[in-house]
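Participant: Any chance you could fold what I've pasted below:
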Amino acid sequence: MKVRIFEIFTSVEGEGILYGTKTLFVRLAGCPFTCFYCDTKESLPLDSGTEYSIEDANKLIDSNLKKQTYKVNFTGGDPLIQHQAVAQLAKHIQEKNIPTYLESSCFDVEKFNHVLPFIDIVKIEFKTKDSEFVEEKIYDKFITHTMKCLESSVNAKKTTFIKIVVSSKTKLDDFKELTNQIFSTVSKNNISGFVIQPTYGVSEPSLDLLLDLYDIVYPNYIDVKVVPQLHKFIGAP
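Facilitator: Take a look at the predicted model:
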């Protein structure tokens, strides 16, 4: 089995409920989606990065793993594009008793379920209609898969949290509909966080819009947080 890795590096986690933690990032190559705010566009082509055997990729991870690293984050691109390889790499990390973390739009529940046994912390990223993730006519199909992935993660008792990137284009009605779907799928007691992440440097949302979006989530989940990308502010990768 082969795997295409775009880059491996240690930095400070800049997103989600574990922001600020020392993290080894394994950025997988390949993503077929077209989010307008994507900040890793160079890793989107399926032939980007470098191809390794699983054995060599594990050695590369080991050589980059620094002391007192809190977790290993499999990101992209989208890691589910190479789900079989990610499962093998994550298994290798778990054997070192280091938490594994999956960062994905969770677009395919079968691929997600293949990787899930080897992942400890799951960030389920829901895309809004305005993100230009996919054509609007197939948006609902992808969201259905993301909902099923959320359900799988919760049922497997993984540390699961939700992230939604929002911009000045985000419509309150669409966001409310998405939020209602989420909390009709899982209980608030079964997730570890709900993060609203504003875009940075492109179509940035106003404070008023962020507060309105916050107010939509709050009745369902009082620990909702607006968390910008910390690494952007400290100059970290």
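Participant: and the top strand by length along the chain, what other elements does it pack with?
Facilitator: With secondary structure taken from DSSP state E, the chain has its longest strand at strand 2-12. Contact here means 3 or more Cβ pairs under 8 Å, 6 or more residues apart in numbering; DSSP states H and E; on that basis strand 2-12 packs against strand 22-28, strand 50-53, helix 54-64, helix 83-94, helix 230-234. The way it works is simple: take the backbone N, C-alpha and C, and place the C-beta from them, glycine included.
Participant: Residue 140 sits in which helix or strand?
Facilitator: For residue 140, the host element (DSSP states H and E) is helix 136-155.
Participant: I'd like the mean pLDDT over that helix, please.
Facilitator: What helix 136-155 shows for mean pLDDT is 96.
Participant: Only C-alpha atoms, please: export the helix or strand following that helix in CSV.
Facilitator: Along the chain past helix 136-155, the next helix or strand (assigned with DSSP H and E) turns out to be strand 159-166. Only the C-alpha atoms of strand 159-166 are listed here, as CSV (Å, rounded to 0.1, in the frame of the first residue of the first chain):
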residue,chain,number,x,y,z
THR,A,159,-14.2,12.4,21.6
THR,A,160,-16.4,14.1,19.0
PHE,A,161,-16.8,17.8,18.2
ILE,A,162,-18.4,19.8,15.5
LYS,A,163,-16.8,22.7,13.5
ILE,A,164,-18.6,24.9,11.0
VAL,A,165,-16.7,27.5,9.0
VAL,A,166,-18.7,30.6,8.5
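Participant: Lowest mean pLDDT across the helices and strands packed on strand 2-12, which one is that?
Facilitator: When these are compared on mean pLDDT, helix 230-234 scores lowest, with a mean of 85.
Participant: What residues sit buried inside it?
Facilitator: Along helix 230-234, the positions that meet the burial threshold by neighbour count (16 or more other Cβ atoms under 10 Å) are residue 231.
Participant: partners of the residue positioned nearest the centre of the chain in the sheet?
Facilitator: Within the chain, the residue whose C-alpha comes closest to the C-alpha centroid is residue 103; the distance, by Cα atoms, centre = their mean, is 2.8 Å. The residues listed as beta-bridge partners of residue 103 by DSSP bridges are residue 123.
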